[in-house]
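# Next come a sequence and a model predicted from it.
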Amino acid sequence: MSQKILTLVTGGARSGKSSFGESILINESRNVLYIATAQAFDQEMKDRIKKHQQSRPQEWITYEGYKNFNEVLAPYASEVNGIFLDCVTIMTTNLLLAQQVDWDTVSHQQIDEIEAMIFDEFKKLVQFIKSSKMRTVLVTNEVGLGIVPIDRLTRVFRDIAGRVNQYLAREADEVYLVTCGISTKIK
């Protein structure tokens, strides 16, 4: 059996997916690079980030960012033997909202171009992971189980995030769905 390099962990909000994903690397790797993709725009997000920081092992190295991973991860390759990225969905959100467009009037062509740019970031990340052969866990939210959003931006986000999740699941060696703190291996 081949070595598992890339694991995708998905689930709903507060499903326990981050804790489960962290446990995979805690059991397998001590030297981990924790990629935190969230940005602290308000006090609530600052509190959430603080809780995540307190829950992860202190010896893990943290990198805060959400793009250009093919460039920024290379220097860490000699320091770590595992990568934990939390979270794909927030990374997608950040990349999407960095685009200065009017989401009510943006054209389908512009949306396709934005999606291509977002996919390019994920393709570069997957390429780095596979070439480095570092055990990696990516955490993402399952976005397709709810109702169709009422506003256009949220529908665009849901569609792009759903396709990013499908891509990462195809590329992953294993995929877990976490519900109520219980993981189920689906690939």
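Perfect, I can see it now. Numbers count the residues shown, from 1 in each chain.

# Only C-alpha atoms from now on, for both contacts and neighbour counts.
Will do.

# Pass me the low-pLDDT residue ranges in the chain, would you?
Along the chain, segments meeting pLDDT under 70 span 1-2, 28-29.

# switch to 80 and redo it
Within the chain, the segments meeting pLDDT under 80 span 1-4, 27-30, 38-42, 44-46, 48-58.

# residue boundaries of the helices in the protein?
17-28, 43-55, 69-72, 88-97, 108-132, 152-171 (DSSP state H).

# which helices and strands does the last one pack with?
Judged by 3 or more Cα pairs under 8 Å, 6 or more residues apart in numbering; DSSP states H and E, the packing partners of helix 152-171 are strand 6-11, helix 88-97, helix 108-132.

# Which positions within the longest one qualify as buried?
By neighbour count, and taking 16 or more other Cα atoms under 10 Å as the criterion, the buried residues in helix 108-132 are 111, 114-115, 118-119, 121-126, 128-130, 132.

# Out of these, which is nearest to residue 43?
Distance to residue 43, by Cα to Cα, is smallest for residue 118 among the buried residues of helix 108-132, at 27.2 Å.

# follow-up on the earlier one: which of the helices of the chain sits most buried?
Greatest average neighbour count among these goes to helix 88-97 (a mean of 21), per mean count of other Cα atoms under 10 Å.

# Name the residue closest to the centre of this structure, please.
residue 88 (1.9 Å; Cα atoms, centre = their mean).

# so what's it closest to, chain neighbours aside?
Using Cα to Cα, 6 or more residues apart in numbering and skipping the chain neighbours, the partner closest in space to residue 88 is residue 140 (4.8 Å).

# What residues are bridge-paired with that neighbour?
Under DSSP bridges, the beta-bridge partners of residue 140 are residue 10.

# Could you number the chain from 523 rather than 1 from now on?
All set: I'll call the first residue 523, so the last point we hit is now residue 662.

# neighbours around it, how many?
Residue 662 is flanked by 28 other residues according to other Cα atoms under 10 Å.

# didn't it look like it was pressed against residue 529?
No - under the criterion of Cα atoms under 8 Å, residue 662 makes no contact with residue 529, lying 10.9 Å away.

# on that earlier part again, greatest separation within the buried residues of helix 630-654: which pair is it?
633 and 654 (31.7 Å).

# returning to what we had before: out of the buried residues of helix 630-654, who's nearest residue 537?
Nearest to residue 537 among those, with distances taken as Cα to Cα, is residue 644, at 23.6 Å.

# dump the residue contacts of that closest one.
Going by Cα atoms under 8 Å, 6 or more residues apart in numbering, residue 644 touches residue 686.

# Among the buried residues of helix 630-654, pick out the one closest to residue 595, please.
Among the buried residues of helix 630-654, and counting by Cα to Cα, the member closest to residue 595 is residue 650, at 8.1 Å.

# from memory residue 605 sits against residue 556, does it?
Yes - between residue 605 and residue 556 there is a contact under Cα under 8 Å: 6.0 Å.
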